[in-house]
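Participant: Kindly return the folded structure for what I paste below:
(chains A and B)
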Amino acid sequence: MLMKKMLEELHALAGSINKPLKLMEVCGTHTVEIFRHGIRDVIPNKITLLSGPGCPVCVTSVRDVDAAISIAKNRDVIMATFGDMMRVPGGTQSLLEARSEGADVRVLYSPFDALTLAQKEKDKTVVFFATGFETTSPLIAGTLAHAELAGTKNFTIYAAHKLVPPALKALLDSPDVQVDGFILPGHVSTIIGTVPYAFVAAEYKKPSVVTGFAAEEIIQGILMIVRQVAEKRAAVEIQYTSVVREEGNPRAVALLDKYFEPADAYWRGIGVIPGSGLKLRDQFKSFDANKKFHPPISDAKEPELCSCGDILRGVKIPTECPLFGTGCTPEDPVGPCMVSTEGSCAAYYKYGHR
Amino acid sequence: MDRILLGHGSGGKLMHDLIRQYFSPAFGIEGAGDSAVVNVPSNRLAYTTDSYVVTPLFFPGGNIGDLAVNGTVNDLAVSGAVPLFLTVGFVIEEGFPFDDLKKIIASMSNAARKAAVKIVAGDTKVVNKGKADGIFINTSGIGVLPGERWIAASLIRQGDKVIISGEIGSHGVAVMAERNGLTFAPPVISDTRALNGIVREMYDVASDIHFMRDPTRGGLATTLKEAALESKLCIRIREQSLPIPPGVKGACGLLGLDPLFVANEGILIAVVKASDAEAITSAMRKHEHGRHAAIIGEIADAPSGVVLLETTIGGTRIIDMLQGEQLPRIC
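Facilitator: The predicted structure is shown next:
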């Protein structure tokens, strides 16, 4: 059996490396799948898996949540969002609480549904709270293309998109982050390919592998990283070859580039990372909810004891947070990592901590 | 007339006609007294009630009507009871299409016939447009418990085996797909069906079933966790033994759902003595609703109140209850 062979090789290689290895799974989906498959139980003890910043809900700042809430309270607005964003606490409340006070906030599965909603509710402005990484943003760009074509004037977005490679660079530059290799998100690379990650190997000498989400794929991704460590080399490799090409999806990238340009973005718990967000280009400002509604800039701070920031950077694991499981649970979350199904705290709580 | 009017619920002529022309013949209700009078062959009764508000009302493999009959029949069946009589209450929104109501009534009648239960009493209310979502249905049911039958989590013992009667996740995925306009090939069909037949087969080969439940909302995971908590024992499940249809697996992958947490409407889990497990499972497999029956795990004494899943690759993970609603992933 392939799995057995891979695990044997992994254990043998780990035995030959005389230091503990810390690998970061950047993507929240990986965090969940690693728990679901019980992967920590079968890999060598020497390998520690750390969760990274790849949970879109988790890294959305309090400021963005507050801005969305402020826009949603406008009487002529329907705020549309992905489900996970509903319960993320802002400075004083969440979108869910705003809804219970009368704001029209709707959970949708796709930005296209928001456009359809706008075309139906002509006397309202539909604002899509656009969060997510390179996997989600092309969908938004595609929706904008449709809106442009149809001449839909009452559809706008609040753009809180994030980019993965600049966040990795920020992590690698911070002295308290100790990572020996990266399990890179498979889905993001279906869009951007591997080239934007080249610096991880070239400048920082960290092995990294774009990895799929099935148990065998994750094990193989880990094995490919450990092989690089054993061979004392660093490269960006693709495990997820069935879906990911080196050049990614140039059409999706072009579509993104048409509507958006990189901008500095504030990541919850991490701070401002240069060039790590996306904003609408000037000629598309009619789609920009920020420019239409000018929400006040919230000065709310992230909750003091919440360790989401350190957890997103792989400096702490969820169980090291003083609030974990007592002051902060999925039913009554303090930080976003406990809200999102992809959040590492929620995953630890659900699958692992007892 | 093609739509339900407020008058259909007001107690006058329209309502009289509705009952006489549609409900009574479909359900075989005779007379129009204020109560049904029934004879039961035992003085140990099981009695349950449930309300159905599913949306969409029609989904691949069923609709709110057969769901309402099967759901209540199943609640009785997994209590060890033989379901006999149901009552049904409709709350209908003004303007509801008559054709849809006819379809729903027909499938209720059909489901009751298949489950060999009789609908003996009913009620209809019509509310103003906007005050309900099409139609809501409540069903209550009575069944009898033959002999000394007793089903309770407190009867679960260390060493017992856990059996599942069929594939998981079909109902939840079918409804979710319909709701979101997704189609799968082959389509995922709801598993709504009555389980009293298969329960009868089980009791035919073993009189001592410790625990049964149908894992509906919250899925298999939630039901197992409840059983672990109530019995104060540990349930160990093998992922490899879980019957998950390829369509459910695919859809869950796509939507970011875990099949263990997806609703079912036509399967049960049973906890039985280890020595009875094989016989019960093979009896179940002979029944049309039990072809995928399987022993999926066993009961250990510790850790108390915990459900452990042994994953396909040999790791373990803890299974907890569903928290809130399962939502599709956003990245």
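Participant: Can you name the residue of chain B nearest chain A?
Facilitator: B:G315 (1.8 Å; Cβ to the nearest Cβ). Quick note: C-beta positions are derived from backbone N, CA and C, even for glycine.
Participant: okay, now that residue: neighbour count?
Facilitator: Here the neighbour count serves as a burial measure; for B:G315 (other Cβ atoms under 10 Å in any protein chain shown) it reads 20.
Participant: Distance-wise, check the nearest residue to A:L280 once chain neighbours are set aside relative to A:Y259.
Facilitator: For A:L280, ignoring the flanking residues on the chain, the nearest one in space by Cβ to Cβ, 6 or more residues apart in numbering or on different chains is A:D288 at 4.7 Å. Going from A:D288 to A:Y259 by Cβ to Cβ, to the nearest Å gives 10 Å.
Participant: thought A:F199 was touching A:K169?
Facilitator: Yes: under the criterion of Cβ atoms under 8 Å, A:F199 makes contact with A:K169 at 6.6 Å.
Participant: More neighbours: which of these two?
Facilitator: Neighbours of A:F199 and A:K169, each counted by other Cβ under 10 Å, are more numerous for A:K169; the result is 18 against 15.
Participant: Give me the pLDDT value at the more buried one.
Facilitator: With respect to pLDDT, A:K169 has a value of 96.
Participant: and the residue of chain A nearest chain B?
Facilitator: When you check chain A against chain B by Cβ to the nearest Cβ, the closest residue turns out to be A:G38, at 1.8 Å.
Participant: show me the residues around that residue that make contact.
Facilitator: Contacts of A:G38 were listed using Cβ atoms under 8 Å, 6 or more residues apart in numbering or on different chains, and they are B:309-311, B:313-317.
Participant: Next: A:F260.
Facilitator: By Cβ under 8 Å, 6+ apart, the neighbours of A:F260 are A:137, A:141, A:159, A:161, A:278-281.
Participant: wait, the residue nearest to A:L280 sits on A:L144?
Facilitator: No: shown here, A:D288 and A:L144 do not form a contact pair, counting by Cβ under 8 Å, at 10.4 Å.
Participant: Enumerate the residues of the stretch 101-250 of chain B near chain A.
Facilitator: By Cβ under 8 Å from any Cβ of the partner chain, the part of the stretch 101-250 of chain B that sits against chain A consists of B:N180.
Participant: where does the stretch 101-250 of chain B dip in pLDDT?
Facilitator: Low-confidence segments of the stretch 101-250 of chain B, defined by pLDDT under 70, are absent; every residue clears the threshold.
Participant: Just the helices from it, written as ranges.
Facilitator: For the stretch 101-250 of chain B, the helices defined by DSSP state H, counting those that start in this stretch occupy B:170-179, B:196-205, B:219-231, B:246-255.
Participant: what residues does the second one touch?
Facilitator: Just to be clear, that refers to helix B:196-205. Outside helix B:196-205, the residues that touch it by Cβ under 8 Å, 6+ apart are B:73-74, B:76-78, B:80, B:82-83, B:115-117, B:146, B:149, B:165, B:209, B:212, B:268, B:270, B:276, B:279-280, B:283-284, B:286-287, B:289-290.
Participant: Return the residues of the stretch 151-300 of chain A in contact with chain B.
Facilitator: Counting by Cβ under 8 Å from any Cβ, the residues of the stretch 151-300 of chain A lying close to chain B are A:187, A:215-216, A:219.
Participant: will you turn those into TSV that also has distance to B:R20?
Facilitator: Formatted as TSV, those follow (distance: Cβ to Cβ, whole Å):
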residue	distance to B:R20
A:H187	59
A:A215	60
A:E216	63
A:I219	66
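Participant: How about the contacts made by the residue nearest to A:L280?
Facilitator: Going by Cβ under 8 Å, 6+ apart, A:D288 touches A:156-157, A:159, A:279-280.
Participant: do B:L254 as well
Facilitator: Taking Cβ under 8 Å, 6+ apart as the test, what B:L254 contacts is B:L182.
Participant: okay, now the domains of the chain?
Facilitator: Looking at chain A here, since you left the chain open. With automatic domain parsing as the criterion, the domains of chain A are listed as A:2-55+A:164-238, A:58-162+A:248-293, A:308-347.
Participant: nope, chain B please
Facilitator: Chain B breaks down into these structural domains: B:6-144, B:153-319 (assignment by automatic domain parsing).
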